[in-house]
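Participant: need a structure here:
(2 chains)
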Amino acid sequence: MSPAGQRWLRIARNEVGEVRRDRTLLALVALFTLLGVLLGYLLAQGVGFAEPGTTYAVLVLQLLGILVPLVAVGITYERLVGRRVDGSLKLLLGLPYLRWDVLLGSYVGRAVVTIAVTVVAFISILLSSVVFGAGVPTGPLPVQAFLLIVALGVVFTGIGITASSVTSTTSRAAMLTFLVTVVMLFLWGPAVTGLVWIVNGFQFAAAEPAWATFLQTLNPVNAFKGLASMLVPTFEGVAGLVGGETAYQTPAWAVGVLATWAVVVPLLGYRRFRSADL
Amino acid sequence: MPAINVQDVTKQFGGLTALQDLDLAVEDGEIYGFLGPNGAGKSTTIDVVLDYVRPTAGSARVFGHDAREETLAIRDRVGVLPDGYDVVGRMTGREHVEFVVDSKGADDDPDEILERVGIAGAADRVAADYSKGMAQRLVLGMALVGEPDLLILDEPTTGLDPNGARRMREIVREENERGATVFFSSHILEQVEAVCDRVGILRAGELVAVDTIEGLRDSVGTEARLTVDLDGPAEAVRERVLALEGVTDATARDATLEVACEAPAKIEVLDAVREDGTAVRDFSTAEASLEELFARYTEGPA
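Facilitator: Numbering: from 1, shown residues only, chains lettered A, B, ... in the order given. Predicted coordinates for the structure are as follows:
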């Protein structure tokens, strides 16, 4: 019997290997290379990455902060449920693997792909910036921006894998993933505002109550935006979420929120997946 | 210790009962044919044994390991050909086998395995583009990796041409001679007849017969099928014939009466019909086959 670490790693490696075999993933890599080249060109035309407050860093964070999460859910939402529907999960689980190995291996493997796509984008930004004569971007900002985008990418990889582990048809997995993504990206704020309106006796409050701010901080996209606005002051985060006075308005809290989403949500998915009839 | 021991397993999907208090024992070293029509619960039984689904009640053990608690110990010792599978990702045939060799920590040569199941020529093609029969051969090959102590094959002949089906039976025999227990399900009797030591017949989630092929043959041997053409409607005499000793089944179709009975009862059947006042125009007899026995176990009223 092989040790647990080797088992999920083997699944993860196989997932990463799919990049080489799957044309969709190859196309994705090509697309992000192209995007990087374009961004590098823009960088060469305008101001440097490292200068705080540049519109350029904002552009990268906003663009990749949307695209990378979309890629992450796109390459994960049908990973497990697809295998369940086409029966290849039974083939896999006829081998010495546990469901946990398959879930963790798929998650880690796809997270590596998400990160790889982000790396590809950043490297081609760098290369094309050099080619177009702007030189190598220096300073901590590019690295910080990269890490932040990767963190959000991993969170959404986890969301996609989770949706994939708790549903029994691919269309339901797609619906669930779409719904969660839309809520995260666009509807979390309005939902909290709506809640305040209801609690306040169906009237708008003069100031946002503390519990509403707290709820706002729980959205990983808000955590991302808050941290991004700390890196680049001109990045429009959600007002007062990171850098406020309370414990849940600190950068550490925002990082914690991202980490919790990345870990806890897939674990909840596993609870369901563990005892599902395949 | 039995290779597979299913105890009192009931499985319900929503309101549907797929298995009802199923007890099943597959002895170490035998080839066990698991027969039943589609939907009888064969795949569900295998799913319970391999922990793909969780039983509503009861438990399953493989080589003494609990299917739910010691899943890994079981999966280490079995080779599985599941039903309704698809191949994994975009890997070639050889990559599939290599992945299984890695997963099991085995030292098989992938090309030898592919040669054995007769798809060596397609080793470098992407398996997702294989025909149904080729994919079936590939998955059989994957099941053979690491010389498993138990082979669980769910409808292994599906999609195979006659040559493929014969090769599959040869492999089953070879594996059994090596010492492996083989459990394989089929809805076609002749597939298991040629190769199995024992047969279990499943019907609507319940095991209705377990016997050796010899035993089944014996119980069939004394049976005959009698077809009687009458002057009037056969339905009129059916009840009377059915009541006779030695008659196991009687069906009436227009003026034709079909009777399954023990050989000595044939004359009594004809006598009974004539006593009823119905003239016999013609009759013929035939020995019952295993197929008919299987059909009787699996069709008609329970």
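Participant: excluding its backbone neighbours, what's nearest residue 12?
Facilitator: Because you didn't say which chain, this covers chain A. Leaving out its chain neighbours, the residue that sits closest to A:Ala12 by Cβ to Cβ, 6 or more residues apart in numbering or on different chains is A:Gly109, at 3.8 Å. The way it works is simple: take the backbone N, C-alpha and C, and place the C-beta from them, glycine included.
Participant: could you do chain B instead?
Facilitator: That would be B:Thr56: by Cβ to Cβ, 6+ apart, it lies 4.8 Å from B:Gln12.
Participant: Neighbours of the residue of the stretch 101-250 of chain B found nearest chain A, how many?
Facilitator: For the stretch 101-250 of chain B, the residue closest to chain A is B:Ser103, as judged by Cβ to the nearest Cβ, at 4.4 Å. Neighbours of B:Ser103 under the rule other Cβ atoms under 10 Å in any protein chain shown: 25.
Participant: start to end distance for stretch B:111-127?
Facilitator: Start and end residues of stretch B:111-127 are separated by 15 Å (Cα to Cα, to the nearest Å).
Participant: contact partners of it?
Facilitator: With contacts defined as Cβ atoms under 8 Å, 6 or more residues apart in numbering or on different chains, stretch B:111-127 is touched by A:21, B:87, B:90-97, B:110, B:130, B:134-135, B:137-138, B:140-142, B:144-145, B:164, B:167, B:171.
Participant: got it, and stretch A:268-278?
Facilitator: In contact with stretch A:268-278 (Cβ under 8 Å, 6+ apart) are residues A:80, A:84, A:89-90, A:93, A:99-100, A:103, A:161-166, A:168, B:13, B:47, B:52-54.
Participant: Give the PyMOL command for selecting the buried subset of these.
Facilitator: To isolate the buried members of the contacts of stretch A:268-278 in PyMOL, using 16 or more other Cβ atoms under 10 Å in any protein chain shown:
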select buried, (chain A and resi 80+84+89+90+93+99+103+161+162+163+164+165+166) or (chain B and resi 47+52+53)
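Participant: Just the contacts of stretch A:268-278: which are in strands?
Facilitator: B:Phe13 (DSSP state E).
Participant: For the closest residue to chain A within the stretch 1-150 of chain B, give me phi and psi.
Facilitator: Per Cβ to the nearest Cβ, B:Val80 is where the stretch 1-150 of chain B lies closest to chain A, at 3.1 Å. Main-chain torsions, B:Val80, degrees, to the nearest 10: phi -120, psi 130.
Participant: Show me which helix runs longest in the chain.
Facilitator: Going with chain A. helix A:99-131 (DSSP state H).
Participant: other chain: chain B
Facilitator: Longest helix in chain B, counting by DSSP H: helix B:162-178.
Participant: Is chain A within reach of that helix?
Facilitator: No - Helix B:162-178 is not in contact with chain A by Cβ under 8 Å from any Cβ of the partner chain; minimum separation 15.7 Å.
Participant: Give me the residues contacting that helix.
Facilitator: B:29-31, B:116-118, B:133, B:136-137, B:140, B:144, B:147, B:151, B:153, B:156-157, B:160, B:182, B:184, B:191, B:194-195.
Participant: Pull out the buried residues from those.
Facilitator: Buried, going by 16+ other Cβ under 10 Å: B:30-31, B:116-118, B:133, B:136-137, B:140, B:144, B:151, B:153, B:156-157, B:160, B:182, B:184, B:191, B:195, out of the contacts of helix B:162-178.
Participant: I'd like the list of these that fall within helices, please.
Facilitator: Checking the buried ones among the contacts of helix B:162-178 against DSSP H, those in helices are B:116, B:133, B:136-137, B:140, B:144, B:191.
Participant: so B:Glu268 makes contact with B:Ala243?
Facilitator: No - contact criterion Cβ atoms under 8 Å: B:Glu268 and B:Ala243 do not qualify, at 10.9 Å.
Participant: what's the neighbour count on the residue in chain A that chain B sits nearest to?
Facilitator: Closest approach between chain A and chain B, counting by Cβ to the nearest Cβ: A:Gly94, at 3.1 Å. By other Cβ under 10 Å, the residues close to A:Gly94 number 25.
Participant: And it, how close does it get to A:Ser168?
Facilitator: 20 Å (Cβ to Cβ, to the nearest Å).
Participant: Please apply the same query to B:Phe183.
Facilitator: 27 Å.
Participant: Enumerate the residues of the stretch 101-250 of chain A near chain B.
Facilitator: Counting by Cβ under 8 Å from any Cβ, the stretch 101-250 of chain A has no residue next to chain B.
Participant: Low-confidence stretches in the stretch 101-250 of chain A?
Facilitator: A:237-240 (pLDDT under 70).
Participant: Next: the stretch 101-250 of chain B.
Facilitator: Residues of the stretch 101-250 of chain B that meet the cut-off, pLDDT under 70, sit at B:219-222.
Participant: who touches the residue nearest to B:Gln12 in this structure?
Facilitator: Applying Cβ under 8 Å, 6+ apart, the residues near B:Thr56 are B:10-12.
Participant: Need those in a markdown table (columns: neighbour count and pLDDT).
Facilitator: Formatted as a markdown table, the contacts of B:Thr56 follow (neighbours: other Cβ atoms under 10 Å in any protein chain shown; pLDDT from 0 to 100):
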| residue | neighbour count | pLDDT |
| --- | --- | --- |
| B:Thr10 | 16 | 94 |
| B:Lys11 | 23 | 94 |
| B:Gln12 | 14 | 93 |
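Participant: and of these, the nearest to A:Arg172?
Facilitator: B:Gln12 (22.1 Å; Cβ to Cβ).
Participant: And the closest one, how close does it get to B:Leu81?
Facilitator: Distance from B:Gln12 to B:Leu81, by Cβ to Cβ: 26 Å.
Participant: Name the residues that touch stretch B:44-51?
Facilitator: Here stretch B:44-51 has contacts from A:90, A:93-94, A:277-278, B:4, B:6, B:9, B:11, B:18-19, B:22, B:24, B:34, B:52-55, B:60, B:62, B:67-68, B:71, B:74-75, B:78, B:80, B:82-83, B:152, B:154, B:183, B:185, B:202, B:205, using Cβ under 8 Å, 6+ apart.
Participant: which among these end up buried?
Facilitator: Buried among these (16+ other Cβ under 10 Å): A:90, A:93-94, A:278, B:4, B:6, B:9, B:11, B:18-19, B:22, B:24, B:34, B:52-53, B:55, B:60, B:62, B:67, B:71, B:74-75, B:78, B:80, B:82-83, B:152, B:154, B:183, B:185, B:202, B:205.
Participant: Tell me who's in contact with the nearest residue to A:Leu93 once chain neighbours are set aside.
Facilitator: Excluding its sequence neighbours, the residue lying closest to A:Leu93 (Cβ to Cβ, 6+ apart) is B:Tyr52, at 6.5 Å. With contact set as Cβ under 8 Å, 6+ apart, B:Tyr52 has these partners: A:90, A:93, A:277-278, B:46, B:82.
Participant: can you redo the residues you listed as JSON lines with distance to B:Ala286?
Facilitator: Converted to JSON lines, those look like this (distance: Cβ to Cβ, whole Å):
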{"residue": "A:Lys90", "distance to B:Ala286": "42"}
{"residue": "A:Leu93", "distance to B:Ala286": "47"}
{"residue": "A:Asp277", "distance to B:Ala286": "45"}
{"residue": "A:Leu278", "distance to B:Ala286": "45"}
{"residue": "B:Ile46", "distance to B:Ala286": "36"}
{"residue": "B:Pro82", "distance to B:Ala286": "39"}
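Participant: So among those, where is pLDDT lowest?
Facilitator: Within the contacts of B:Tyr52, pLDDT reaches its minimum at A:Leu278, with 86.
Participant: Give me the pLDDT value at the nearest residue to that residue once chain neighbours are set aside.
Facilitator: Nearest residue to A:Leu278 in three dimensions, chain neighbours excluded: B:Tyr52, at 4.5 Å (Cβ to Cβ, 6+ apart). On pLDDT, B:Tyr52 comes in at 94.
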